[in-house]
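**Q** have a look at this prediction, sequence included:
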Amino acid sequence: MQMTSQQRQIVECARNNHDLIAKARAGTGKGLREDQPVVTPKGMVPIGLLKEGDLVCGTDGHSYPVVGIYDRGVLPLYEVKFNDGQSVITDGDHRWLCQTKYERDHHLEWKIRTTMDLFCIERKVFLPMPLPVDGTSDELPIEPWLLGALLGDGCLADNKKVGFTNPEIKMIDSVRSSLPNNCNLSLNAKIDWRITGNGYTGGQWRNNELLNSLRCLKLQGCASHQKFVPEVYMTSNKDVRLSVLQGLLDTDGHTSKNSLEFSTSSNQLALDVRRLVESLGGLCSLAERGSHYIKDGVRIECKTSYRLHIRLPSGINPFRNSLHKVEAFIPKTKYPPVRQIVSITPVEEGRSICIEVGSQDHLFLTVGHAVTHNTSTIECVTRDQMHTVSYTHLTLPTIYSV
């Protein structure tokens, strides 16, 4: 672990068994801009809105309490950009557990460096990848894979009916088996199917539990460019999130050997898919481009297309019921997803907030589920003492923090 100059002075005093007073309350050494997100079991929350006792997500997937919040005031800030195109705003003292390419290639230990350290060395560094977030186990109104499939190939724009369009027999059978008990799947035309309830009265189908659930989730009536993943599914447990993602990829995913992409006309759905992938320990890069088609020699402009390039851990299968995609996809085994800091740029000054997290490794997750750090001076002293003495019980000097 790489220490600050103040921490090195304190460690030196500790080695000489000197008592000391350190003007270094917890949190004085690192911070994010007040509007920057932190991953919590309830979703993404700006760091400036967190309170002591709130839970935040750690690298092991579990949740840990915030045990301290420290307002560092207005400071010079930096935009830290990652290899997936996302970025987070931090102060210069904010800490990162990272490796240079040399350290990574030679299997050296992870080091803690500040944003300013990284700005000065002008070198890309690697960050550790988190395990999938635990999530909650709330009751869900629609089976998760079915929800993902409906967000992909479902017709939800008409507030009075639900449709599904897909040519694969396995996909149709899977939709049918995932429907609520009082719902049926009937062929409308060619590959267009209609999901109905258990009665037809007054010109519309009654008692359609799926239709009612979609309305409660505010999805019914959404055109393709308006679709999104409801938050209750985004914060659910790993298996639920994976099932939603598989439903989306079975319908609107694309694969060629070990490449994996997802495309949609909904910006919000693209952001939600990226968040699902990141919550499972993967990475996404997002690009947008115009789309069109030619009719009678005339170019017709369509809505913007949002395309995600997805990288998942090798143990996660992105497809479930689209047989041709299951057969075509070859998972990567040699190069797992990896997050890098690729650039650091000074930005306008702003209010910096630090949180102290009650986890053993002091790590929490921010933008894109990127792993970031907070380090205690006492920990530096303890680690140094453990390396310099041979007996089990340590007697540390008294350190007063004011």
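**A** Thanks, I have the structure now. Numbering: from 1, shown residues only.

**Q** can you give me the helices for the stretch 51-200 of the chain?
**A** With DSSP state H, counting those that start in this stretch as the criterion, the stretch 51-200 of the chain has helices at 101-105, 115-121, 144-153, 169-178.

**Q** please apply the same query to the stretch 301-402 of the chain.
**A** Under DSSP H, counting those that start in this stretch, the stretch 301-402 of the chain gives helices at 323-328, 377-388.

**Q** weakest of the ones you listed in terms of mean pLDDT?
**A** Of all the helices of the stretch 301-402 of the chain, mean pLDDT reaches its minimum on helix 377-388 (a mean of 46).

**Q** correct me, but Tyr293 touches Ser305?
**A** No. If you go by CB atoms under 8 Å, Tyr293 and Ser305 don't touch, sitting 11.8 Å apart. Where C-beta positions appear, they are placed from N, C-alpha and C, glycine not excepted.

**Q** give me the more crowded residue out of these two.
**A** Ser305 (15 against 9; other CB atoms under 10 Å).

**Q** what's the helix or strand for the spatially closest residue to that one that is not a sequence neighbour?
**A** Closest residue to Ser305 apart from its sequence neighbours, by CB to CB, 6 or more residues apart in numbering: Ser291 at 4.4 Å. Applying DSSP states H and E as the criterion places Ser291 in strand 283-295.

**Q** show me what that strand packs onto, helices and strands only.
**A** helix 267-279, strand 298-311 (3 or more CB pairs under 8 Å, 6 or more residues apart in numbering; DSSP states H and E).

**Q** in it, what's buried?
**A** Leu283, Cys284, Leu286 (16 or more other CB atoms under 10 Å).

**Q** now these as a markdown table including distance to Gly48 and pLDDT?
**A** Below are these laid out as a markdown table (distance: CB to CB, whole Å; pLDDT from 0 to 100):
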| residue | distance to Gly48 | pLDDT |
| --- | --- | --- |
| Leu283 | 27 | 96 |
| Cys284 | 26 | 94 |
| Leu286 | 26 | 95 |
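
**Q** looking at these, which one is closest to Glu139?
**A** Cys284 (28.5 Å; CB to CB).

**Q** could you find the closest non-adjacent residue to Leu131?
**A** Gly61 (4.2 Å).

**Q** and for that neighbour, the neighbour number?
**A** 16.

**Q** hey, what's the residue nearest to Ser305 bridged with?
**A** Listed by DSSP bridges, the beta-bridge partners for Ser291 are Cys302.

**Q** residues touching it, list them.
**A** Ser265, Glu301, Cys302, Lys303, Thr304, Ser305 (CB atoms under 8 Å, 6 or more residues apart in numbering).

**Q** pick out the most distant pair among those residues.
**A** Ser265 and Glu301 (12.3 Å).

**Q** among the two, which residue is more densely surrounded?
**A** Remark: of Ser265 and Glu301, Ser265 carries more neighbours, 18 against 9, as counted by other CB under 10 Å.

**Q** does Ser186 really touch Gly197, like I thought?
**A** No. Between Ser186 and Gly197 there is no contact under CB under 8 Å: 11.2 Å.

**Q** higher neighbour count, those two?
**A** The neighbour count for Ser186 versus Gly197, taken as other CB under 10 Å, is higher for Gly197 (21 against 8).

**Q** count of residues packed around the residue lying closest to that one once chain neighbours are set aside?
**A** Among residues not flanking Gly197 along the chain, Asn208 sits closest, at 3.2 Å (CB to CB, 6+ apart). Asn208: 24 surrounding residues under other CB under 10 Å.

**Q** and Asn208, what is it in contact with?
**A** Val162, Asn182, Cys183, Ile195, Thr196, Gly197, Asn198.

**Q** distance-wise, check it relative to Leu179.
**A** 10 Å (CB to CB, to the nearest Å).

**Q** please enumerate the shared neighbours of those two.
**A** Common neighbours of Asn208 and Leu179 (CB under 8 Å, 6+ apart) are Ile195.

**Q** pick the most buried one from the helices and strands packed on strand 283-295.
**A** Counting by mean count of other CB atoms under 10 Å, helix 267-279 has the highest mean neighbour count of the helices and strands packed on strand 283-295, with a mean of 22.

**Q** about what we covered before: just say which of the helices of the stretch 51-200 of the chain is most tucked in.
**A** helix 144-153 (a mean of 25).

**Q** that helix to helix 267-279, inter-axis angle?
**A** Helix 144-153 and helix 267-279 meet at an angle of 140 degrees, taking axes from the mean of the first three to the mean of the last three CA atoms, to 10 degrees as the criterion.

**Q** distance between stretch 275-284 and the chain's centre?
**A** 5 Å (CA atoms, centre = their mean, to the nearest Å).

**Q** just the CA atoms of the strand holding Ser291, as CSV, please.
**A** Extracted C-alpha coordinates of strand 283-295, given in CSV (Å, rounded to 0.1, in the frame of the first residue of the first chain):
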residue,chain,number,x,y,z
LEU,A,283,-18.3,-4.0,-18.5
CYS,A,284,-20.1,-2.1,-21.2
SER,A,285,-19.2,0.5,-23.7
LEU,A,286,-22.1,2.5,-25.2
ALA,A,287,-22.2,4.1,-28.6
GLU,A,288,-25.0,5.9,-30.4
ARG,A,289,-25.6,6.4,-34.1
GLY,A,290,-28.4,7.4,-36.5
SER,A,291,-30.4,4.7,-38.2
HIS,A,292,-32.4,4.7,-41.5
TYR,A,293,-33.9,2.5,-44.1
ILE,A,294,-34.5,3.0,-47.9
LYS,A,295,-38.0,2.9,-49.3
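
**Q** buried residues, stretch 44-62. List them.
**A** 44-45, 47-48, 50, 54-61.

**Q** redo the contacts of Ser291 as JSON lines? Include pLDDT and distance to Ala328.
**A** Below are those laid out as JSON lines (pLDDT from 0 to 100; distance: CB to CB, whole Å):
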{"residue": "Ser265", "pLDDT": "95", "distance to Ala328": "24"}
{"residue": "Glu301", "pLDDT": "78", "distance to Ala328": "31"}
{"residue": "Cys302", "pLDDT": "79", "distance to Ala328": "26"}
{"residue": "Lys303", "pLDDT": "83", "distance to Ala328": "27"}
{"residue": "Thr304", "pLDDT": "90", "distance to Ala328": "27"}
{"residue": "Ser305", "pLDDT": "92", "distance to Ala328": "21"}
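
**Q** list just the nearest of those to Lys81.
**A** In terms of CB to CB, no member of those lies closer to Lys81 than Thr304, at 22.9 Å.

**Q** good, wrapping up.
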